[in-house]
Structure formats: C-alpha cells, structure tokens
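Enquirer: take this sequence and fold it.
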Amino acid sequence: MSVAVDMPVNISVAAPAYNEADTIAAVVGEWQDYLENTPAVGDWEIVVCDDGSGDATGEILAGLRARCPRLVVVTFERNRGAGAAIAAAIAHTRLDWVVLLDSDGQFPIANLDRVLPRVQAGEALAFSGARIRKADGVAYRWGSAASGAVSNLLHRTRYRDFNSIFKVVHGPLFRSLPLESAGMNCSTEITARVAEMGHEWVEVPIEHRERGGGSRGWRYWRGARDRALFVAYLGYRHWLLRRGVLRRPAAREEISREGVR
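Expert: Model (predicted):
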C-alpha cells in the first residue's frame, strides 16, 4: 500500500470505557484537541463503547456528544468485558485508519506523532506502540512480560510489546479481524490475528502514563489465569494454521454500524 507523503490521514479513534466517570471527559477532550489541531490528521471521529458502566460514564459521554458531534457512543446495557467493548468500538468506525486507545488515559494520543509520518509514507498496514517504560504496577508488568515472551515463542515473532493496546491499523483490515476475546486479552489477540493474516507489525516506541482511574473489570489472579489460557489457545491455533489443519482467515466485509446510540 502506498500513501502520498504529507497527505492528511483520516482517523477513527476506537476505545472501550468501563466506569471511567472520573477521567472520561478529560481524556476525550485531549483526543478531540489533538485531532482538531494536528495538521497530519484529516477527517476524524471518536468511537467509545460504554461497557455497561455502573457510574456516570454514560451520562458524561452523552453530554460530550453535544459539544463534539464527531463522538460516536456505543452502549452496552450490561458489562460484557473489555474484549467485547473493543470489538464493538472497532466495528463502528468508518474511516481509513483506526487508532485503538484506552479511556483511562494511559496511552497519550500524542504518541501518534511518531506513527503518522510512517502511515503517510505507506510503510505498513499495522503499527503497534512499544511502551518505553510501562507505568503499571510490578505484578502487571511481570505478567505482561511473561505472556508476551510466551506469545513471541509460540508465534515465532520478536515483538517488544506483544500486549500493547496502542494500535494503529488500516481500517478495512482492523474491521475484518474475527476477534473472540471476552476480557482484557483483546490486545494480545489483535497482535496474533493480524500476524495470522500475513501482515507484519511495525513497532513504534511510545510513552505510557499511570492509570488515571476507571476499572479493569477483573481481579489480578483471575486475569492472569485467563491470559495464560488464552495465550495457549492462540498458540495452538497458530500451530494448526502452520500445519494446514486450519485455513488462514480471509478479510470479511466491513461490519455494519448498527446499534450506535
């Protein structure tokens, strides 16, 4: 794929949100300010999936829509997990490139400064942010490092940050991914699925901030167990693909934007 250098990039921001009332207004405001004032950005939109929040996240997002018509809010009536919210947000995007972020503010949108020139140069269809310094607690950093090392071993890759949620992917490719993860493993699955479809990730160093608020929606040990099981599943699937037992996935037609509120 080739893109004319310096041509503005049309961007959809996709993000899940669960009990982010303390920070969602500031984070969406940061995104809007960046998208409006960055010359490399052309058309843009922000798509947030409210994953059945029990606080005022939904009401705040509704108020933000009045001031930001390019904000699209997808609402789950009950909590369905980060993976489902991420998949829904991606499915309701419509522009050429999709930027996956989290609504807790850990991944500054200004990290796009390091990605947009490479998108404009047509380097790849998939870019992933490699955190220079992870701002999570020790337990989470250890868990991420361990699962990333195992994922690299099973997929025969050498990515520095296999589990990073900061992704910038060509829209049609992103919307075609058959995502299955129900929990916080969706970022790991996205890395694996794009590789399954024969695309290489280009890793870009990014900044990572301490969590601003919100809820992870799962306890550490339960999450660690689920991640271990999911990484094993993805690795076994990759082994079956290499042996020809499974067919490599083909791009599906774009998912419709039904259910937008």
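
Enquirer: given the longest strand seen in the chain, what are its sheet partners and their directions?
Expert: The single longest strand within the chain, with elements called by DSSP state E, is strand 41-51. Next to strand 41-51 in the sheet, as set by DSSP bridges, lie strand 9-17 (parallel), strand 71-76 (parallel).

Enquirer: mean pLDDT and distance to G58 added to those strands, as JSON lines?
Expert: For every residue, glycine as well, the C-beta is placed using N, CA and C. What follows is the strands paired with strand 41-51, written out as JSON lines (pLDDT from 0 to 100; distance: least, CB to CB, whole Å):
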{"stretch": "strand 9-17", "mean pLDDT": "97", "distance to G58": "9"}
{"stretch": "strand 71-76", "mean pLDDT": "97", "distance to G58": "6"}
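
Enquirer: hang on, the earlier thing: which parts of the longest strand of the chain are buried?
Expert: For strand 41-51, a neighbour-count test (16 or more other CB atoms under 10 Å) marks V41, W44, E45, I46, V47, V48, C49, D50, D51 as buried.

Enquirer: do stretch 50-60 as well
Expert: By 16+ other CB under 10 Å, the buried positions in stretch 50-60 come out as D50, D51, G52, S53, T57, G58, I60.

Enquirer: let me know the average pLDDT across that stretch.
Expert: The average pLDDT for stretch 50-60 rounds to 96.

Enquirer: so what touches that stretch?
Expert: 16-21, 24-25, 61, 73-82, 84-85, 217 (CB atoms under 8 Å, 6 or more residues apart in numbering).

Enquirer: redo that, cut-off 10 Å
Expert: Here stretch 50-60 makes contact (CB atoms under 10 Å, 6 or more residues apart in numbering) with 16-25, 28, 48, 61-63, 73-86, 88-89, 103, 214-215, 217, 261.

Enquirer: which strands or helices does the helix or strand harbouring V168 pack on?
Expert: Using DSSP states H and E, V168 maps to strand 167-170. Strand 167-170 makes packing contacts with strand 9-17, helix 82-91, strand 97-100, helix 116-120, strand 126-131, helix 171-176, helix 186-196 when contacts are defined by 3 or more CB pairs under 10 Å, 6 or more residues apart in numbering; DSSP states H and E.

Enquirer: and it, how far from the chain's centre?
Expert: On the basis of CA atoms, centre = their mean, to the nearest Å, strand 167-170 sits 8 Å off its chain's mean C-alpha point.

Enquirer: could you list the low-pLDDT ranges of the protein?
Expert: 1-5, 133-145, 211-223, 250-261 (pLDDT under 70).

Enquirer: thank you kindly, that will do.
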